[in-house]
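>>> model this:
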Amino acid sequence: MKKSQWLTLISILLVLFIAVLSIVNVEPVKINFIFTTVQWPLILVIIGSALLGALTVISVTWVRMFKEKSAIKQNEKFLKEQKIANASSRSEINKIKNAEKEKN
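Okay, here's the model as predicted:
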């Protein structure tokens with residue numbers, strides 16, 4: 001199986017696990033925020049926590065991918081500059097070799 005297929009399978013299993021937990025846990029629970037306290041069904045707390053976790057992972061992954069793309073572009077630019085410098089150096093070497101041949 002391909003990596004993407006494994007990830008899809010794991011994602012489906014995780015969603016099913018969360019769904020089963022949510023169905024079993026429907027009792028209201030008390031949530032304490034800094035300024036207030038609310039009572040929500042445990043199903044909402046579980047699903048909300050899972051969604052916040054997924055958003056966090058997606059955000060961190062997106063930032064890392066952006067940094068990697070930026071580094072790749074920077075490295076490609078550096079490589080291009082080095083190729084140009086290399087070609088220029090080879091041209092100079094060939095000129096010197098040709099000048100030495102003409103002297104002999």
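
>>> Name the single longest helix found in the protein.
Assignment by DSSP state H gives helix 42-103 as the longest helix of the chain.

>>> what's that one packed up against?
helix 3-24, strand 28-32 (3 or more CB pairs under 8 Å, 6 or more residues apart in numbering; DSSP states H and E). (Glycine included, C-beta is placed from N, CA and C.)

>>> Report the distance from it to the chain centre.
14 Å (CA atoms, centre = their mean, to the nearest Å).

>>> now it and helix 3-24, what's the angle there?
160 degrees (axes from the mean of the first three to the mean of the last three CA atoms, to 10 degrees).

>>> by how many degrees do helix 42-103 and strand 28-32 diverge?
60 degrees.

>>> distance of the spatially closest residue to residue 46 that is not a sequence neighbour from residue 42?
Of all residues not flanking residue 46 in the chain, residue 22 sits nearest, at 5.1 Å (CB to CB, 6 or more residues apart in numbering). Using CB to CB, to the nearest Å, one obtains 8 Å as the distance from residue 22 to residue 42.

>>> Dead centre of the chain: give me the residue that sits there.
residue 61 (3.1 Å; CA atoms, centre = their mean).

>>> What's the separation between that residue and residue 67?
Taken as CB to CB, the span from residue 61 to residue 67 is 11 Å.

>>> How about residue 60?
In terms of CB to CB, residue 60 sits 11 Å off from residue 67.
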